[in-house]
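Asks: quick one, fold the following:
(chains A and B)
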There are 2 protein chains.
Amino acid sequence: MLPFKHIIPINKESKTAVYRQIAISVIKAIRNGVLKPGNHLPGTRELSKTLGVHRKTVIAAYEELHAQDWIIIIPRKYTAVADRIPILRPQQWNLENALSSYEHHFNLPFKIIDQKIEKLHTVVLPEIVIDDGHPDVRLSPIDDLLKTYRSYTSKRHTIKNANIGTEQGTIRLREELAKYLSDTRGLNIRSENLLITHGAQMSIYLAAQLILGPGSNIIVGSPNYPAANVAFEQTGATLTEVPVDENGIDTEAIEIICRKKKINAVYVIPHHHYPTTVTLSAARRMKLHELSATYSFAIIEDDYDYDYHYTSSPYLPLAGSSHQGNIIYTGSFSKILDPSLRIGFMVAPKNFIDQCTALRKIIDIGGDGYMQNALAFLIREGELKRHIKKAKKIYHQRRDFLDTLLKDRMSPYISYVRPSGGMAIWIQLSSEYPVHRLLEIPQLKILRVDENLNAFRFGFASMDEKELEKTVDFLKTALNRF
Amino acid sequence: MLPFKHIIPINKESKTAVYRQIAISVIKAIRNGVLKPGNHLPGTRELSKTLGVHRKTVIAAYEELHAQDWIIIIPRKYTAVADRIPILRPQQWNLENALSSYEHHFNLPFKIIDQKIEKLHTVVLPEIVIDDGHPDVRLSPIDDLLKTYRSYTSKRHTIKNANIGTEQGTIRLREELAKYLSDTRGLNIRSENLLITHGAQMSIYLAAQLILGPGSNIIVGSPNYPAANVAFEQTGATLTEVPVDENGIDTEAIEIICRKKKINAVYVIPHHHYPTTVTLSAARRMKLHELSATYSFAIIEDDYDYDYHYTSSPYLPLAGSSHQGNIIYTGSFSKILDPSLRIGFMVAPKNFIDQCTALRKIIDIGGDGYMQNALAFLIREGELKRHIKKAKKIYHQRRDFLDTLLKDRMSPYISYVRPSGGMAIWIQLSSEYPVHRLLEIPQLKILRVDENLNAFRFGFASMDEKELEKTVDFLKTALNRF
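Replies: Purely as a prediction, here's the structure:
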């Protein structure tokens, strides 16, 4: 006899009528093979006893099942599973009323990740969204990229190739990118020094997993890019903060710490530091090289914002100077083309790239090979450089326009230093205007706020002049009401 | 005085001429801000002493720099960095000859990931590629997907939304997928029970990271999907193997182990087990439920191959039966649409999904929001179901066609059980034909081979009848030569 008490669980608290609960359970048992075509079901009297429900309830359930062709009823003889059961018929039960085992909690021990996740229950965004430095997707050659992508998915040879070797990134993209990085940043590397990741964050995560762990130490700026900090904390390493001033991370402070304890790595954002937008000075760059050699620590150089420099040419990366190979350099195309395009990269010595590739393969096998090859094509054709040139000019204008707007209309409320590049201005509010009150305004969403520093990032690159003006006016009106 | 010995490192072993090495280093120093416009350079005599090279070498370097407008030379007075330095001019040095700091090894301690990575140095694939069960991309509605994607990248509202909330997956995709999974597999869940991942592997990785660690135990089948095993090993957990026979993983063996030691999780592939293609029987499914409740272990149910069942309707997932919430269910669209489309999902109780989402955000921020919404559209319009219906019919024919071919032409060499579904046949070679010898054939590439079992996976779904025939004939000829 089949264990019907187990097959048909009853929840008397549920909003679903008990007869429907029974019917649902029987359908499930049929569909998952526990009940087979021809199997007899218990009589209604017997089943009502087993389940502890009224007999009428069982009768109602059987009628429902019969109406749906799941069972046959031979009156006064037997009830059995139909020979030809309805195969995979659409769910006939309202989702709201169905029982779900997933209303339970997962109640075995598991690791708790200490990070705030923003829950989104709607696709409707507020009227004004201030991002933390996104590109303007309307300017991006996304359409060219997708055209190439589409052309690849129809070619037999490309198809066979597309998902092979993507754990490190397709060979085509790595070769084009190696040339491109040499060209634009003096990084003379080979394709074997490159790992294509699912965004810059993955480069940071992989590097952290390999070089940090419980007992190890990493130095980060204060303030710092929060997503990098959580990736480091996740390994069990200890984070030590040093100040970031107008010349970037304080290398004297780093030296003092290195004298006292073993430091395994230093995380730096050399261009347009996140969130403050300052650029690391040449003197501190040299000092950092020296310290890295003296105290044997790795440098994780997060150069997410290299391409947008307005008033002068950007400094070449630390990774481009002469060093002993212990610099892990990371960058991203999300900031150039589209935040949704999750393609980033890591530059490191081959032995390190190999281990990162192995770990990456365990995490998610690899990336989207078509998209990588489409991006390689965009680089080879010079389309990426043309785009950056155009975008740089426009973002430069937008920075200046926002600068003027802020000076003209927001001076009483805020202070800021105009950044030499990048896609955002770091704005500090005067102490009378606590930034958390901006978060309470339903029509407004600001992606990056620092309540301790009473500051927020104003991403200007993604807005045209009209949008910038509207946003500034909105902010001004809001602050006026404080 | 600037430390020119540090700024200009000389490598006499290098293939690059020393004068060019000097010039490259000076250009780098100018470009990274160490040397500024107007800074004087040492005289040629002085610099040759500092660097330990012949004076003529320094003269040649300065001439090169002058020719490229990096420096000005006032004869008999001084040499200085040009006031208007060439900004970001294209690299004028041949990659092959340039110095790279990345020729060094990373020589600080780092974790070694014990996994084989296949190195690809070419995009040219062998004539015959036997995958392990890929869909035929030529049948996939990739073009519709990309059309929708393109339409999204041009809509302001969608753009603002696209990369928000993607750590868990866009709300649109999660809502459509919840309905779809209810419809097709009786999984009555809400969007909060879903995490959209970068492929099925990421679901396995995340689950493993949260529920396993040093000292914990997981049971896996033998043989098993190797990429799952490495994800479990990576956490420091101990893997215990139990046999997989024609009815799937041996639940009696699992029970015996559970009596002896604490088991934290069991990993099962219920449909078309990888690599053997067997399906877990209904009796064992029930047993597994029972054991999970008795011994309090989590079940990781990897249902990568649910959609392709030919001779009968598939069993509903373990996750769809009544249980206490401790089943983590994973699936993927890579197997339905395209292996390059890295979209997978995890179903679990909300409290577990929340922690997986938090960890996922640390790893790679999130997925491609446009692609997720484009996929949501494909599901909503019924396009995905239509595709699966069509593909199922074609793959069914291909399975039968390959079955006939193998029977007719390969009987002396092989044995196999025709799978009831899926996209591959698991083929065992007779012992006289060691499978490793197939790997030595340059024109042939087989993605999944098990040398211990002398077997390989023959993915038939991606090949049309002509391609299947060509491949079988190629194999036959190759085996004949053994």
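Asks: how many residues are close by A:Ser216?
Replies: A:Ser216 has 18 neighbours, counted by other Cβ atoms under 10 Å in any protein chain shown. Every C-beta, even on glycine, is put in place using the N, C-alpha and C of the backbone.
Asks: which strands or helices does the host helix or strand of A:Lys389 pack on?
Replies: Per DSSP states H and E: A:Lys389 is located in helix A:383-410. If you count contacts as 3 or more Cβ pairs under 8 Å, 6 or more residues apart in numbering or on different chains; DSSP states H and E, helix A:383-410 packs onto helix A:369-380, strand A:424-429, helix A:465-480.
Asks: okay, those in CSV with mean neighbour count and distance to chain B next?
Replies: What follows is the helices and strands packed on helix A:383-410, written out as CSV (neighbours: other Cβ atoms under 10 Å in any protein chain shown; distance: least, Cβ to the nearest Cβ, whole Å):
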stretch, mean neighbour count, distance to chain B
helix A:369-380, 24, 5
strand A:424-429, 22, 15
helix A:465-480, 16, 10
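Asks: can you put those in JSON lines and add mean pLDDT?
Replies: Below are the helices and strands packed on helix A:383-410 laid out as JSON lines (pLDDT from 0 to 100):
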{"stretch": "helix A:369-380", "mean pLDDT": "92"}
{"stretch": "strand A:424-429", "mean pLDDT": "97"}
{"stretch": "helix A:465-480", "mean pLDDT": "96"}
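Asks: taking the stretch 201-350 of chain A, what residue is nearest to chain B?
Replies: For the stretch 201-350 of chain A, the nearest residue to chain B under the criterion Cβ to the nearest Cβ is A:Gly325, separated by 3.0 Å.
Asks: doesn't B:His105 make contact with that residue?
Replies: Yes: with contacts counted by Cβ atoms under 8 Å, A:Gly325 reaches B:His105, the gap being 5.9 Å.
Asks: tell me which of these two has more neighbours.
Replies: Looking at A:Gly325 and B:His105 with other Cβ under 10 Å, you find the greater number of neighbours at A:Gly325, namely 22 against 13.
Asks: that one in helix, strand or coil?
Replies: Judged by DSSP: H, G, I helix; E, B strand; the rest coil, the three-state class of A:Gly325 is coil.
Asks: ramachandran coordinates for the nearest residue to it once chain neighbours are set aside?
Replies: Nearest residue to A:Gly325, sequence neighbours excluded (Cβ to Cβ, 6 or more residues apart in numbering or on different chains): B:His104, at 3.0 Å. Here the main-chain torsion angles of B:His104 (degrees, to the nearest 10) amount to phi -70, psi 160.
Asks: so for A:Ile254, what's the pLDDT?
Replies: Residue-level confidence at A:Ile254 comes out at 98, pLDDT.
Asks: what's the answer for the one 10 residues further on, then?
Replies: We have a pLDDT of 97 for A:Asn264.
Asks: could you do A:Ile164 as well?
Replies: Note on A:Ile164: pLDDT of 65.
Asks: how about A:Arg89?
Replies: Note on A:Arg89: pLDDT of 42.
Asks: all helices of the stretch 1-150 of chain A, in order?
Replies: Secondary structure of the stretch 1-150 of chain A (DSSP state H, counting those that start in this stretch): helices at A:4-7, A:18-31, A:44-51, A:55-67, A:142-152.
Asks: ranking those by burial, who's on top?
Replies: When neighbours are counted by mean count of other Cβ atoms under 10 Å in any protein chain shown, the highest per-stretch mean among these falls to helix A:18-31, a mean of 23.
Asks: contacts (any at all) between chain B and that helix?
Replies: Yes: counting by Cβ under 8 Å from any Cβ of the partner chain, chain B has neighbours in helix A:18-31: A:Ser25, A:Ile27, A:Lys28, A:Arg31.
Asks: tell me who's in contact with A:Tyr395.
Replies: A:Asp136, A:Tyr308, A:Tyr310, A:Met423, A:Phe460, A:Ala461 (Cβ atoms under 8 Å, 6 or more residues apart in numbering or on different chains).
Asks: quick check: the farthest pair among these?
Replies: With distances taken as Cβ to Cβ, the most widely separated pair in these is A:Asp136 and A:Tyr310, at 15.5 Å.
Asks: so these two - more neighbours on which side?
Replies: When neighbours are counted by other Cβ under 10 Å, A:Asp136 comes out ahead of the other of A:Asp136 and A:Tyr310, with 20 against 17.
Asks: if I pick that one, what's in contact with it?
Replies: Under the criterion of Cβ under 8 Å, 6+ apart, the neighbours of A:Asp136 are A:Ala391, A:Ile394, A:Tyr395, A:Ala461, A:Ser462, A:Met463, A:Asp464.
Asks: list the buried residues of stretch A:430-441.
Replies: Taking 16 or more other Cβ atoms under 10 Å in any protein chain shown as the neighbour-count basis, stretch A:430-441 is seen to contain the buried residues A:Tyr433, A:Val435, A:Leu438, A:Ile441.
Asks: list of residues touching it?
Replies: Taking contacts as Cβ under 8 Å, 6+ apart, the residues outside stretch A:430-441 that touch it are A:412-415, A:429, A:444, A:446, A:449-451, A:454-456, A:475, A:478-479, A:482.
Asks: cross the residues you listed against strands and list the overlap.
Replies: Here DSSP state E is the test, and the contacts of stretch A:430-441 give A:Ile414, A:Ser415, A:Leu429, A:Leu444, A:Ile446, A:Val449, A:Asp450, A:Ala455, A:Phe456 as lying in strands.
Asks: now the buried members of the residues you listed.
Replies: A:Ile414, A:Leu429, A:Leu444, A:Ile446, A:Val449, A:Asp450, A:Ala455, A:Phe456.
Asks: the closest residue to chain B within the stretch 51-200 of chain A: what's it in contact with?
Replies: Sorted by distance to chain B under Cβ to the nearest Cβ, the residues of the stretch 51-200 of chain A start with A:His104, at 3.0 Å. Under the criterion of Cβ under 8 Å, 6+ apart, the contact partners of A:His104 comprise B:His323, B:Gln324, B:Gly325, B:Pro349.
Asks: now A:Asn193
Replies: If you count contacts by Cβ under 8 Å, 6+ apart, then A:Asn193 has A:Ala178, A:Val347, A:Ala348, A:Pro349, A:Lys350, A:Ile353, B:Ser100, B:Tyr102 around it.
Asks: next one: A:Leu65
Replies: Residues in contact with A:Leu65 (Cβ under 8 Å, 6+ apart) are A:Ala23, A:Val26, A:Ile27, A:Ile71.
Asks: export the residues you listed as JSON lines, with columns for distance to B:Ile204 and pLDDT.
Replies: What follows is the contacts of A:Leu65, written out as JSON lines (distance: Cβ to Cβ, whole Å; pLDDT from 0 to 100):
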{"residue": "A:Ala23", "distance to B:Ile204": "35", "pLDDT": "87"}
{"residue": "A:Val26", "distance to B:Ile204": "33", "pLDDT": "88"}
{"residue": "A:Ile27", "distance to B:Ile204": "30", "pLDDT": "83"}
{"residue": "A:Ile71", "distance to B:Ile204": "38", "pLDDT": "88"}
